[in-house]
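>>> Dropping a prediction and its sequence here:
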Amino acid sequence: TVPTYVQIDSFVMTTDNPTATGTVNQKILTPWIYFNNSPLGVYNIPGRIPIPTDKPGTVQIGAGITFNGLGDYQILYPFFTFDTMYLQPNPGKIVNYSPKIKYTEATTFPWKEDFETGNTFIKVNSDNTEDTSIVRTADKSKVFEGGGAGYIVLDSKHPSSQNINNTNIAIKAGDAYLEINYKCNTPFEVGLQTTKNGTLVYEYIAGVKPNENWNKFYVSLQKFVGTYNTNAYRVMIKTNLQEGQSEGYVLLDNLKIVSY
């Protein structure tokens, strides 16, 4: 069968409740394609997707993201809705389409930090004079969206930074992700901390390579939350100057945890 091609260059994300969901910025790289509920495959965008059919039908499009920053590991993000389009076969022709998605109605947002009105991060070890803290900046050249961003500045006197948010977060066991917009010239790590049976436990779950353009990062929290099933977690951010660096920075915006 000569296919009809669907050209997908990008996804469009919307929200009916921006106060609850926060930013609608997304980094969807792979549409997951189904035709009449049968899987056709996973594709990259921008991309031209062949739909081999000689009868009309419905194309279902799911949104795939990069798991924990591992470029070759794409997953169907469980918190985004599917989009559907009705396809009338036109063999050999191209249909341009931009899938529209939202967070699912069941998605919850137990924590957000967009640095619009303040900053909930504090140093993990306040006595460590070499550590520097995350500060809020309103410098428009350093903000991704809105009026503020989190800013870490490293130098020879302060070559390291380890911060934690100052309020407990309730995350249910199961699918849970931390979403972050970032820009940096030095790597950083993100993780969780909790207390289990009176013992403080933490883990840095994933790391981010330097990227001096604003980027989006999705971190799976499922394994840590499943291992240490409590009702009080805190987000941790850690970075250090790399060998040969005299100065470094990390900019953060739109941090949020999504779960069910």
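Here it is on my side, so go on.
>>> Helices along the stretch 151-260 of the chain, start to end?
Along the stretch 151-260 of the chain, the segments classed as helices by DSSP state H, counting those that start in this stretch run 222-227.
>>> Sketch out the low-pLDDT regions of it for me.
Within the stretch 151-260 of the chain, not a single segment meets pLDDT under 70.
>>> quick one: Gly47 and Tyr5 touch, right?
No. If you go by C-beta atoms under 8 Å, Gly47 and Tyr5 don't touch, sitting 9.7 Å apart. Where you see a C-beta, it was placed from the backbone N, CA and C, and this is true even at glycine.
>>> ends of stretch 119-132, how far apart?
14 Å (C-alpha to C-alpha, to the nearest Å).
>>> which outside residues touch that stretch?
Stretch 119-132 has contacts (C-beta atoms under 8 Å, 6 or more residues apart in numbering) with 113, 133-136, 150, 152-154, 157-167, 236-237.
>>> Write the ChimeraX selection for whichever of those are buried.
Buried members of these, defined by 16 or more other C-beta atoms under 10 Å, are picked up in ChimeraX with:
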select :113,133,134,136,150,152,153,154,158,159,160,161,162,163,164,165,236,237
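>>> Now do the strands in the stretch 151-260 of the chain.
160-165, 176-184, 188-196, 199-208, 211-220, 234-240, 248-259 (DSSP state E, counting those that start in this stretch).
>>> Quickly note the distance from the closest residue to Ile180 other than its chain neighbours to Ala20.
Among residues not flanking Ile180 along the chain, Phe217 sits closest, at 4.7 Å (C-beta to C-beta, 6 or more residues apart in numbering). As for Phe217, its distance to Ala20 is 21 Å (criterion: C-beta to C-beta, to the nearest Å).
>>> between those two, who's got more neighbours?
Phe217 (23 against 12; other C-beta atoms under 10 Å).
>>> What distance do you get for the residue nearest to Ile180 to Asn181?
Distance, Phe217 to Asn181, using C-beta to C-beta: 8 Å.
>>> Repeat that for Ala206.
Distance, Ala206 to Asn181, using C-beta to C-beta: 15 Å.
>>> Then Val201?
Val201 is 28 Å from Asn181, by C-beta to C-beta.
>>> Pick out whichever of those two has more residues nearby.
Neighbour totals were compared for Val201 and Asn181, and Asn181 leads with 21 against 14 (other C-beta under 10 Å).
>>> hang on, the earlier thing: my read: the residue nearest to Ile180 touches Val208, true?
Yes. With contact defined as C-beta under 8 Å, Phe217 reaches Val208; the gap is 5.8 Å.
>>> what's the overlap in contacts for the two?
69, 182, 190.
>>> Gly174: which of those residues is nearest?
Checking these against Gly174 by C-beta to C-beta gives Val190 as the nearest, at 19.4 Å.
>>> What is the burial count for the closest one?
Applying the criterion other C-beta under 10 Å, we find 24 residues in the vicinity of Val190.
>>> Tell me which stretches of the stretch 1-150 of the chain form strands.
4-8, 12-13, 30-35, 38-42, 47-51, 57-66, 74-76, 83-87, 94-96, 100-101, 108-113, 121-123, 135-137, 149-154.
>>> Give the other helices and strands that the last one contacts.
Spelled out, that is strand 149-154. Under the contact criterion of 3 or more C-beta pairs under 8 Å, 6 or more residues apart in numbering; DSSP states H and E, strand 149-154 touches strand 135-137, strand 160-165, strand 234-240, strand 248-259.
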